[in-house]
Structures are given as C-alpha cells and as structure tokens.
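Asker: can't give you the sequence, but here's the structure:
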C-alpha cells in the first residue's frame, strides 16, 4: 500500500473543511442546544427547589396557624370557664341575697305579729282591768280581799302574757 501524498492532502483538506463546517453549523448549534438544555434543567431544578422551600414555608405557616388556633381555642374555653364560674358566683350571691331578704322579711313579719299580739294582750289587760275594777266597785271589799283580787288579776295577766 502506498500512501499517496496528494490523496492524503485532499483528504486532510476535506477533513478540515468538513470539521470547519461541522464546527460552524453543527457543533455550535449542538453546543448551544446542549447549553440551553443544561440551563433549562438547572432552571427546573432551581424552580423545584424554590417550590420545595415555598412548600416548607407554607407548611410551617400552617403549623403555626394550627398552633395559634389551638391556643385561641384553649383561651376561649378558659374564658368560657371563667365566665361560667363568675356567673355561677353571681347566681349564688343573688340566691344568698334573696335568702337574706326573705329571712329579714320573715323576721319583720314575726316582729309585726308579735307587736299585734302584744297590742291584743294590752287590750285584754285593759279589759281585765276594767272588769276587775268593776268587780271591786261592785262589792265592798276589805283590804285583804282587795289584795287577793289584784294578785289574782295579775296572775291571770301573767298566764295570758
């Protein structure tokens, strides 16, 4: 086999021209396409990472909101408990005040009835005194009998009082 210089030179020039054309028209666009593809993939990865970070941020906000809602619910329940205790205390205080009022009213009624009974007793004593005076005047009595009548009247008044 003989190596021909002319053929080798033509092949070399053809190879260089082909290499130049491939580099200019094929390799450049191919490299640009690969670079664009790489940038697209990097952008997609960055977007996915941002999406993941956003999802984590939203999840953390959600957790905080849930915890806040739990705290609010606990506070509401605590406020409701305190309100119900306060209302129960107010109702109890009202009932105690009503009981005191009723007791005072009953005592006032008892005092009124007592005063009525004493007034009636005074009336009866007055009647007995008039009756006794009438008896004394109706008969002539000596000092001894007069004292017995007074003691008897006093004893009758004591029994009725």
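Answerer: On my side now, so go ahead. For clarity, every value in this text was computed on a predicted model and none was experimentally measured. Residues are numbered from 1 along each chain as shown.

Asker: Where does pLDDT dip in this structure?
Answerer: Residue ranges of the chain with pLDDT under 70: 1-3, 136, 138-142, 157-161.

Asker: The same query, at a cut-off of 90, please.
Answerer: Applying pLDDT under 90 to the chain flags the ranges 1-8, 19-33, 117-161.

Asker: which one's the longest helix in this structure?
Answerer: Longest among the helix segments of the chain by residue count, using DSSP state H, is helix 28-138.

Asker: which strands and helices sit next to that one?
Answerer: Judged by 3 or more CB pairs under 8 Å, 6 or more residues apart in numbering; DSSP states H and E, helix 28-138 is in contact with helix 143-160. C-beta here means a position set from N, CA and C on the backbone, and glycine is covered the same way.

Asker: What helices and strands are in contact with the helix it packs on?
Answerer: Using 3+ CB pairs under 8 Å, 6+ apart, the elements in contact with helix 143-160 are helix 28-138.

Asker: Report the angle between the helix it packs on and helix 143-160.
Answerer: Note on geometry: by axes from the mean of the first three to the mean of the last three CA atoms, to 10 degrees, helix 28-138 and helix 143-160 are set 160 degrees apart in direction.

Asker: Please state the offset of helix 28-138 from the chain centre?
Answerer: Here helix 28-138 is found 6 Å from its chain centre; the criterion is CA atoms, centre = their mean, to the nearest Å.
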